[in-house]
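# predicted model follows, preceded by the sequence.
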Amino acid sequence: LASFTLAAATPSLAEETEGTIPTATETTETVTPAPVEDTDTTTPAPVEEAEGTTPVEETDTVEATEAPSLVPGDFFYFVKTMVEKVQLSLTFNDAEKAQKLANFASERIAEARVLIENGDSEGAADLL
């Protein structure tokens, strides 16, 4: 049986790649992951109810609405409506378009409230 060594039949790996593989004299940097801190995963203790009381679920939520920056009658109001029209024309997804229309409608309602507070009920009616 003839035996031969593979190393003699093929060129060395270092000769094939010419310096792309780190040698024994080169150093490599190893990164160790940061230790993970232990977190408390216990659940809070249940709150005991006083005798004779029943739990009440609070469902009333009030959305805070901010006053619109521009209302009809302001000098640059036409720019606001023009930007809204451009945004709507550049929206091609039906769901996104519906969301924009809903946002614009809520903005008009807020503008109408401001007009009513300022005593311009006719302007508010025209707006809606």
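Sure, I can see it.
# now the nearest residue to residue 120 once chain neighbours are set aside, what are its backbone angles?
Nearest residue to residue 120, sequence neighbours excluded (Cβ to Cβ, 6 or more residues apart in numbering): residue 73, at 7.4 Å. Every residue, glycine included, has its C-beta placed from N, CA and C. Residue 73 adopts backbone torsions of phi 110, psi -20, taken as degrees, to the nearest 10.
# for residue 73, grab the count of nearby residues.
When neighbours are defined as other Cβ atoms under 10 Å, residue 73 has 11 of them.
# one more: residue 79?
Number of residues near residue 79 (other Cβ under 10 Å) recorded here: 11.
# quick check, it in a strand?
No. Looking at residue 79 with DSSP: H, G, I helix; E, B strand; the rest coil, it is helix, so not inside a strand.
# and it, how far from residue 93?
With distances taken as Cβ to Cβ, to the nearest Å, residue 79 is found 25 Å from residue 93.
# I'd guessed residue 107 sits against residue 69; true?
No. Look at residue 107 against residue 69 with Cβ atoms under 8 Å: they stay out of range, at 9.6 Å.
# between those two, which one's more packed in?
Taking other Cβ under 10 Å, residue 107 and residue 69 do not tie; residue 107 has more neighbours (17 against 11).
# other SSEs contacting the biggest helix by length in the chain?
The longest helix of the chain (DSSP state H) is helix 94-117. Contact partners of helix 94-117 among helices and strands, from 3 or more Cβ pairs under 8 Å, 6 or more residues apart in numbering; DSSP states H and E: helix 77-89, helix 121-127.
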